[in-house]
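K.L.:
sequence and predicted structure, then a few things I'm wondering about:
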Amino acid sequence: MISRPLRAAPLRLLALFVVLAIVPLCALGWLGHRVLQQDRALDEQRQREQLENAAALITRELDRGLAALEDKLPSAAAGQVVALPPNAVFILFRGDRVARHEGVPLPYYPRVAVSSPVSALLFSSAEASEFRRNDLTAAIAAYRELATSSTGSVRAEALMRLARCFRKERRTADALVAYDALAALGAATVGGSPAELVARRERVVLMRAAGDEVGAARERALLSDALSDGRFEVDRATYDFFQEIATSPESPANDLAGAVDAFSQTWLDQRSGRDTWTRGSRIFVSVWRTTPQGTAAITATIDGLMTGLREPLSNLRVTAQLDDRTGRTIWGSAGDRARITKTARETGLPWTLHVAAADVSASARIVDARRNLFLGGFLLIALVIAAAGYFVFLAVNRELGVARLQSDFVAAVSHEFRTPLTAMCHLTEMLEHGDATPSRLPDYYRALGKESRRLHTMVENLLDFGRMDSGRRTYDRCPMNAVELVERVVDEYADRSPGSANRIETSLPAEEGAIVTGDREALMLAVRNLLDNAMKYSPEDAPVRLSVSRRDGTVAVSVQDRGAGISRDERHAIFSKFTRGRAASALNVKGTGIGLTMADQIVKAHRGWLELESEPGQGSTFTIRLPVAS
Ligand code: ADP
């Protein structure tokens, strides 16, 4: 039946196709998932390798910079002139005292060499006048005398004492002059400190006491200059002492001096090494080595080291960060993103190095783009598989339907053949055995003839169908009157089935306009099939009406019945070969499902068409529309 192949869709087949489609899709999905996972892992590994390479490059670059400084140590220690980077200082320690320094002059040094003090005996008689006898005049004279000494330190000590006497006598102007002379002695030591520093300090004190603020300020400026330009080798305590009054502004040299001060103990404790020290935003690095001449050390800011890093960092798209030994970040920033860390032990640098990708989102974007591409591809493949599965399912289902229809057809044809054959066998047996009464013999022969003609017609129909189906059917066309054609079909029917012929009503106008061109036998076959169906699918007493008319330039041959009718959903399908409709099963009518197919093909071969109007339960009207013969 029509509904069987379509509505009762073979669920098992459907399930099979769903499973067959789902299995590769799942496999594909799993594969895709694995590919994405591996891709991500590969990407991470690639990033890691990139970071490792960047870290190695940064380490190499920093190491190269420090090694270049270290290479200068032996020659600098040997007294050769070496090119130091800007803001760097070379210091040679002999024992634990600074023996020599190069580069930026520092405002103070750790552990400066102490100059030998002037013999106290030189001043004993003058000091006796000053302190014991309270004879300042004699003391002043004695000090003046000593102040002409050819030895700078003696002169300085004498001028110091001379000024002291003037101060005792409240001779400020003279004291200032004495200090001025003392200042002119510069580096000569007085009381262990450079004469100039001592003199300037005292002049500031005196001027302030005398209310000469302008002079005091000028003197302070001179003291500040003397302190900060590194003119004198003083230690930290001395520097701080004079700095109290001078308050010279913090200078880069001050920071460098701080760094040297901080490094100095390590230099003396360890034979060689590298170290870092930070003050505010200024980072210092120091390299040192014990040489035959003493401990040689270079201290410099890391700016010079870092300038070489900028380009590689931006080329490699990474950011770097340096932490000192306490874990404090002193340079750069690698953020909290995925990064790699190289400890000072691994790199041989005085810092812990962190390297991170500069733009993490860029690689995330690439991974996302690759994932989207893959998902797109997966969806496409899934769609293709689903569509292919669906179409294969439809095709297989259709083929199964056709196969089922064919087997139904074979069964139906066999059944159709059996009825006339059984009758013929029965009649032939009777005639063979001579059981028939002679008076009935003509009836038997007529029946035999009728059944063999029926069989013949059926075989011809099948052969015709075969030819039409394969497109081999040829048509002998000639003009004919459709009215006559219908009359012949009706006559033939009456001859075949005289019992039911009385149901047929005709409306055949005797006009000449119903002329068509076509193959008479084929067109009769088409009308006959429609008539047979109308008789089969309507009650035994219901009339069937055949009419011929002219409609819209065509000849219309209608076969109308008051039978079961045809529901809307099967009006198209019943024209397909082997397809039998609901009416066939409802009324238990035998058939092969090729009648309408043949009628439709014949009419189409005559450039016409077949119309169907039907009201389920009310009846159907099949109309053959053929072009009027020109
Ligand atoms: P068959 O009659 O051998 O089944 P057909 O091709 O002639 O094959 O008809 C196909 C189907 O169309 C029938 O099985 C029947 O269900 C339906 N049909 C055809 N003609 C009529 C009609 N006049 N009234 C109701 N149903 C019809």
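P.N.:
Happy to help now that I have it.

K.L.:
in the stretch 301-450 of the chain, which residue sits nearest the ligand?
P.N.:
Residue nearest to the ligand within the stretch 301-450 of the chain (CB to the nearest ligand atom): Ala412, separated by 7.0 Å. (C-beta placed from N, C-alpha, C; glycine too.)

K.L.:
which residue is nearest the centroid of the protein?
P.N.:
Of all residues in the chain, the one closest to the mean position by CA atoms, centre = their mean is Asp368, 0.9 Å from it.

K.L.:
mind telling me what element that residue is part of?
P.N.:
Using DSSP states H and E, Asp368 falls within helix 360-433.

K.L.:
now swap in Phe93 and tell me
P.N.:
Going by DSSP H and E, Phe93 is in strand 88-94.

K.L.:
any chance of the backbone angles for the residue of the stretch 151-300 of the chain found nearest the ligand?
P.N.:
The ligand sits closest to Ser281 of the stretch 151-300 of the chain, with a gap of 97.6 Å, by CB to the nearest ligand atom. Note on Ser281: backbone dihedrals following degrees, to the nearest 10 are phi -90, psi 0.

K.L.:
can you pull the contacts of Glu52?
P.N.:
Taking CB atoms under 8 Å, 6 or more residues apart in numbering, we find Glu52 in contact with Ile340.

K.L.:
now do the SS call for it.
P.N.:
The three-state assignment at Glu52 reads helix, by DSSP: H, G, I helix; E, B strand; the rest coil.

K.L.:
state the distance from Arg48 to Val318.
P.N.:
Distance, Arg48 to Val318, using CB to CB, to the nearest Å: 12 Å.

K.L.:
show me which of these two is the more surrounded one.
P.N.:
Between Arg48 and Val318, Val318 has the larger neighbour count (other CB atoms under 10 Å), namely 24 against 14.

K.L.:
neighbouring contacts of stretch 210-217?
P.N.:
172, 203-204, 207-208.

K.L.:
do the same with stretch 542-558
P.N.:
By CB under 8 Å, 6+ apart, stretch 542-558 touches 482-483, 485-486, 489-490, 503-509, 511, 513-516, 527, 531, 534-535, 538, 559-563, 608, 619, 621-628.

K.L.:
what about the residues you listed, which are in strands?
P.N.:
504-507, 515-516, 559-561, 619, 621-627 (DSSP state E).

K.L.:
contacts with the ligand among these, please.
P.N.:
Asp561 (CB under 6 Å from any ligand atom).

K.L.:
the ones in strands among the contacts of stretch 542-558, buried ones only, as a PyMOL selection?
P.N.:
Per 16 or more other CB atoms under 10 Å, the buried members of those correspond to this PyMOL selection:
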select buried, resi 504+515+516+559+560+561+619+621+622+623+624+625+626
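
K.L.:
show me the shaky parts of the stretch 251-400 of the chain.
P.N.:
336-338 (pLDDT under 70).

K.L.:
which stretches in it count as helices?
P.N.:
252-269, 303-316, 344-347, 360-433 (DSSP state H, counting those that start in this stretch).

K.L.:
may I see the buried residues of the first one?
P.N.:
For helix 252-269, the neighbour count (16+ other CB under 10 Å) marks 253-264, 267-268 as buried.

K.L.:
got the residues you listed as a markdown table, with distance to Asp96 columns?
P.N.:
As requested, those are exported to a markdown table (distance: CB to CB, whole Å):
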| residue | distance to Asp96 |
| --- | --- |
| Ala253 | 23 |
| Asn254 | 23 |
| Asp255 | 23 |
| Leu256 | 20 |
| Ala257 | 17 |
| Gly258 | 19 |
| Ala259 | 18 |
| Val260 | 14 |
| Asp261 | 13 |
| Ala262 | 16 |
| Phe263 | 13 |
| Ser264 | 9 |
| Trp267 | 10 |
| Leu268 | 6 |
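
K.L.:
only the C-alpha atoms, please, for stretch 180-187, written as CSV.
P.N.:
Extracted in CSV, the C-alpha atoms of stretch 180-187 (Å, rounded to 0.1, in the frame of the first residue of the first chain):
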residue,chain,number,x,y,z
ASP,A,180,90.8,80.3,54.2
ALA,A,181,94.5,79.6,54.1
LEU,A,182,93.7,76.1,55.5
ALA,A,183,91.1,75.5,52.8
ALA,A,184,93.7,76.4,50.2
LEU,A,185,95.7,73.4,51.3
GLY,A,186,93.1,71.1,49.9
ALA,A,187,93.8,67.4,50.5
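
K.L.:
mind listing residues that contact that stretch?
P.N.:
The contact list for stretch 180-187 (CB under 8 Å, 6+ apart) reads 147, 152, 155-156, 159-160, 163, 190, 194-196, 198-200, 203, 222, 231-232.

K.L.:
next step: those residues restricted to strands.
P.N.:
Per DSSP E, these map to strands at 190, 194.

K.L.:
give me the buried subset of the contacts of stretch 180-187.
P.N.:
Using 16+ other CB under 10 Å, the buried ones in those are 147, 152, 155-156, 159-160, 163, 190, 194-196, 198-200, 203, 222, 231-232.

K.L.:
taking these one by one, which sit in helices?
P.N.:
Among the buried ones among the contacts of stretch 180-187, the members falling in helices (DSSP state H) are 152, 155-156, 159-160, 163, 195-196, 198-200, 203, 222.

K.L.:
biggest separation within the contacts of stretch 210-217, which pair?
P.N.:
Farthest pair in the contacts of stretch 210-217 (CB to CB) is Thr172 and Val204. Separation: 12.8 Å.

K.L.:
compare those two (neighbour count), which wins?
P.N.:
Val204 (24 against 15).

K.L.:
Ile245 is in contact with that one, correct?
P.N.:
Yes - with contact defined as CB atoms under 8 Å, Val204 reaches Ile245; the gap is 5.5 Å.

K.L.:
touching stretch 136-156 from outside, list them.
P.N.:
Taking CB under 8 Å, 6+ apart as the rule, stretch 136-156 contacts 115, 118, 122-123, 125-127, 129-130, 157-159, 161-162, 165-166, 168-169, 181-182, 185, 188-190, 195.

K.L.:
among those residues, which ones are buried?
P.N.:
Going by neighbour count (16+ other CB under 10 Å), the contacts of stretch 136-156 have 118, 123, 126, 129-130, 157-159, 161-162, 165-166, 181-182, 185, 188-190, 195 buried.

K.L.:
if we can go back for a sec, tabulate the helices of the stretch 251-400 of the chain (CSV), appending distance to Arg111.
P.N.:
Formatted as CSV, the helices of the stretch 251-400 of the chain follow (distance: least, CB to CB, whole Å):
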stretch, distance to Arg111
helix 252-269, 7
helix 303-316, 27
helix 344-347, 27
helix 360-433, 50
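
K.L.:
point out the most buried one among the ones you listed.
P.N.:
helix 252-269 (a mean of 19; mean count of other CB atoms under 10 Å).

K.L.:
that older thread, which one among the ones in helices among the buried ones among the contacts of stretch 180-187 gets closest to Ala88?
P.N.:
Closest to Ala88, out of all of these and judged by CB to CB, is Glu196, at 26.5 Å.

K.L.:
who in the stretch 101-250 of the chain is up against the ligand?
P.N.:
Nowhere does the stretch 101-250 of the chain come near the ligand, counting by CB under 6 Å from any ligand atom.

K.L.:
how far off centre is stretch 358-372?
P.N.:
5 Å (CA atoms, centre = their mean, to the nearest Å).

K.L.:
who touches it?
P.N.:
36, 39-40, 43, 47, 313-314, 317-319, 337-338, 357.

K.L.:
mind listing what Thr59 touches?
P.N.:
342, 347-349, 353 are the contacts of Thr59 under CB under 8 Å, 6+ apart.

K.L.:
helix or strand for it, which one?
P.N.:
Using DSSP H and E, Thr59 falls in helix 11-77.

K.L.:
near the ligand, which residues of the protein?
P.N.:
529, 533-534, 537, 561, 563-564, 566, 574, 580-581, 583-584, 591-597, 620.

K.L.:
roughly how far apart are the closest residue to Ala534 other than its chain neighbours and Tyr493?
P.N.:
With sequence-adjacent residues excluded and distances taken as CB to CB, 6 or more residues apart in numbering, Ala534 is closest to Asp561, at 3.8 Å. To Tyr493, Asp561 is 14 Å away according to CB to CB.
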